[in-house]
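K.L.:
coords please:
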Amino acid sequence: MKTMHWLLRREYWEHKGSFFWAPAVVALVMVAVVALTLAYGSLGPAMHAKLTVNGHEFTRAAAVATMAQEHRVGMANAVANGYIAAAAPLFGVLPFVVFFYCLSALYDDRRDRSILFWKSLPISDRDMVLSKALTALVLAPVVTFVIGIVTAFVIVLLTLFGAGFFGIHIVGLVLSNPAFWLAPLQMIGLLPVYVLWALPTVGYLLLVSSWAKSKVFLWAVGVPLLVLALMRWISFMTMSLMGVGIDVKWIGENIVMRGLGSVVPGFWLPFGAAGQASMLNADHSVSAGGVFVQSWLSLLQPTVWIGALVGALMIVGAIRLRRWRDEG
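P.N.:
Below you'll find the predicted structure:
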């Protein structure tokens, strides 16, 4: 356990730029954009624009100040249930970080011959490969989730503060809503779902990384896409000649797409049986609780566990390949 702890720390410090600084910089840019937008909106001409209501002119701030209480409550509920979505750009960074980290994780050790140094230490190939798998499946998502939660908090507080300049005083309504405080916990609670869904991609990429001598990206991405294109052509020819064909769409969605894209957070939602309405509140705002429940319900699909098993087997294959594929 202690060895694994230090191996994980090593992976983090060697790739801190990808795991921490990449999402941190994106988060800072997001906060800066929101702050500048709110500053312009509160101090600029939009704040003093005229609105005509029933023949009477009001400033925009005065018109909003007369908003009915039920509308304020509805707005507060929407913010409390959906503010965590403000971190969505960070969740778009995570799959790129994990994808390219896995591609280079075992290949770079062989390319620069550092694998010879690591093999001279009393560290098993199993521990080395598992540390890289855990880094991709757990460490990188946790860092991104924490940065995303902090970023969402800052953005929603800035937004609520800026809304006060327009007479929309809903800070108390938002902070007193249980959904506001449950949303970060629900996000962290999705980590096991992410791990199970991401296992096929992580296992596949580590297997390719441990096997390929060069052009890792082409082997990992180009070959599956080329095979899929060939299957589509064969299906077209057999359908034209014999009236039967291959279900290329199913293969593309459930094998190729799952194998290459399941490291994307929320990737599992389109595969679920639940409709969009189950993840919305009565006022059609996004419900963090609904997304949480439907994400866990996605684990009822047998294909999730089949994919996780296949991913685990590919990690085992990567461990065995590393035992002899040292390029030296």
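
K.L.:
L36: which element?
P.N.:
Element membership of L36 [criterion: DSSP states H and E] is helix 22-43.

K.L.:
average pLDDT across that helix?
P.N.:
The average pLDDT within helix 22-43 is 88.

K.L.:
ok, now stretch 99-115?
P.N.:
Stretch 99-115 carries an average pLDDT of 83.

K.L.:
CA atoms only: put that stretch into PDB for me.
P.N.:
Extracted C-alpha coordinates of stretch 99-115, given in PDB (Å, rounded to 0.1, in the frame of the first residue of the first chain):
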ATOM      1  CA  PHE A  99      -6.600  10.000 -22.900                       C
ATOM      2  CA  PHE A 100      -3.200  11.300 -23.800                       C
ATOM      3  CA  TYR A 101      -1.800  10.400 -20.400                       C
ATOM      4  CA  CYS A 102      -2.800   6.700 -20.900                       C
ATOM      5  CA  LEU A 103      -1.400   6.700 -24.400                       C
ATOM      6  CA  SER A 104       2.000   7.800 -23.200                       C
ATOM      7  CA  ALA A 105       2.100   6.100 -19.800                       C
ATOM      8  CA  LEU A 106       3.900   2.900 -20.700                       C
ATOM      9  CA  TYR A 107       5.200   3.900 -24.200                       C
ATOM     10  CA  ASP A 108       7.300   6.800 -22.900                       C
ATOM     11  CA  ASP A 109       9.100   4.500 -20.300                       C
ATOM     12  CA  ARG A 110      10.200   2.300 -23.200                       C
ATOM     13  CA  ARG A 111      11.100   5.200 -25.600                       C
ATOM     14  CA  ASP A 112      13.500   6.900 -23.200                       C
ATOM     15  CA  ARG A 113      14.700   3.600 -21.700                       C
ATOM     16  CA  SER A 114      13.700   4.700 -18.200                       C
ATOM     17  CA  ILE A 115      11.900   1.300 -17.900                       C
END
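
K.L.:
ok, the nearest residue to L191 once chain neighbours are set aside - contacts?
P.N.:
The shortest distance from L191 to any non-neighbouring residue, by C-beta to C-beta, 6 or more residues apart in numbering, is to P141 (6.2 Å). For the C-beta atoms, the positions are set from N, CA and C on the backbone; glycine is no exception. Going by C-beta atoms under 8 Å, 6 or more residues apart in numbering, P141 touches 94, 98, 191, 194-195, 265.

K.L.:
doesn't F292 make contact with G189?
P.N.:
Yes. If you go by C-beta atoms under 8 Å, G189 and F292 touch, sitting 6.5 Å apart.

K.L.:
so these two - more neighbours on which side?
P.N.:
Between G189 and F292, F292 has the larger neighbour count (other C-beta atoms under 10 Å), namely 19 against 13.

K.L.:
quick one: the helices in the stretch 201-328 of the chain?
P.N.:
Here the stretch 201-328 of the chain has its helices, by DSSP state H, counting those that start in this stretch, at 216-217, 223-242, 248-251, 257-261, 288-297, 302-322.

K.L.:
how about these, which one is nearest T3?
P.N.:
Among these, the nearest to T3 by C-beta to C-beta is helix 302-322 (15.2 Å).

K.L.:
in the stretch 1-150 of the chain, which spans are strands?
P.N.:
With DSSP state E, counting those that start in this stretch as the criterion, the stretch 1-150 of the chain has strands at 50-53, 56-59.

K.L.:
least reliable of those going by mean pLDDT?
P.N.:
Lowest mean pLDDT of these: strand 50-53, a mean of 46.
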